[in-house]
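A.B. asks: Fold the stuff below for me.
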Amino acid sequence: MAAGATASKHLMFVYGTLKRGFPNHQHMPVGIEFVSRATTVERFPLVVGAGHNQIPFLLDFAGNGFQVNGEVFVADDAACNALDVFEGTPKRFYRRADVAVTLESSDETVQAGAYFRGEGGTRCLPAELSELAAVPEYTLEHARGYLSREAPNAWRDGLMD
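C.D. replies: Next comes the predicted model:
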């Protein structure tokens, strides 16, 4: 296993607001540690927002879009569970699946968990989002238009219901 991953440690690929220096990085749980910048081996559509909030969504349509740039972290079981809750996996807003990524620091290809847009919620479903233009990376420019969960009404519009 690469970069300190063991049986109770998991590699996680983040591509949006959880990256270092981005709005939700402050919500990264205890038990998670940065490994390297990374890029997906396969192409996926990474789309940004629909409407008023610049939320990044990775769509599980392999072969479309771009090789996506992001960051890999190593996380223990508790941190993975906390990330699952934060990303809304119990409500199927996102779902975690392994993807092959190449670590920038070592050129090694590893499997890491990534959050794909799931079928939960009432808005921004994959079919609707697939109409948006894909980007190779969620940038700070995109993040300027992101409404955090702490923002009034940001998450009360049915997105996570």
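
A.B. asks: quick one, longest strand in the protein?
C.D. replies: strand 32-44 (DSSP state E).

A.B. asks: What ranges does the chain have for its helices?
C.D. replies: With DSSP state H as the definition, the chain shows helices at residue ranges 77-86, 126-129, 140-143.

A.B. asks: What separation is there between the closest residue to H27 other than its chain neighbours and T40?
C.D. replies: Distance criterion CB to CB, 6 or more residues apart in numbering; nearest residue to H27, sequence neighbours excluded, is F86 at 5.9 Å. Every C-beta, even on glycine, is put in place using the N, C-alpha and C of the backbone. Here F86 is placed at a distance of 21 Å from T40 (CB to CB, to the nearest Å).

A.B. asks: now do E141
C.D. replies: E141 sits 21 Å away from T40, taking CB to CB as the criterion.

A.B. asks: What residues sit buried inside the helix or strand of the chain at the bottom of the mean pLDDT ranking?
C.D. replies: Taking mean pLDDT, DSSP states H and E as the measure, the helix or strand of the chain with the lowest value is helix 126-129, at a mean of 86. Neighbour counts over helix 126-129 (16 or more other CB atoms under 10 Å) mark P126, L129 as buried.

A.B. asks: try stretch 8-15
C.D. replies: The neighbour-count check on stretch 8-15 (16+ other CB under 10 Å) flags K9, H10, L11, M12, F13, V14, Y15 as buried.

A.B. asks: One more: stretch 103-111?
C.D. replies: By 16+ other CB under 10 Å, the buried positions in stretch 103-111 come out as L103, V110, Q111.

A.B. asks: hmm, back to that, relative to helix 77-86, how tilted is the longest strand of the chain?
C.D. replies: Comparing the axes of strand 32-44 and helix 77-86 via axes from the mean of the first three to the mean of the last three CA atoms, to 10 degrees yields an angle of 50 degrees.

A.B. asks: Quickly run through the sheet partners of strand 32-44, with directions.
C.D. replies: Paired strands of strand 32-44, with direction, are strand 66-76 (antiparallel), strand 94-103 (antiparallel) (DSSP bridges).

A.B. asks: Pick the most buried one from those.
C.D. replies: With neighbours taken as mean count of other CB atoms under 10 Å, the strands paired with strand 32-44 reach their highest mean count in strand 66-76, at a mean of 22.

A.B. asks: Alpha carbons of that one, as CSV, please.
C.D. replies: Output of strand 66-76 as CSV, limited to C-alpha atoms (Å, rounded to 0.1, in the frame of the first residue of the first chain):
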residue,chain,number,x,y,z
PHE,A,66,-11.2,15.1,-18.0
GLN,A,67,-8.6,13.5,-15.9
VAL,A,68,-9.5,15.2,-12.6
ASN,A,69,-7.0,17.0,-10.4
GLY,A,70,-7.3,16.8,-6.7
GLU,A,71,-5.5,15.7,-3.5
VAL,A,72,-5.1,12.4,-1.7
PHE,A,73,-5.3,12.0,2.0
VAL,A,74,-4.8,9.0,4.2
ALA,A,75,-7.7,8.5,6.7
ASP,A,76,-8.4,6.1,9.5
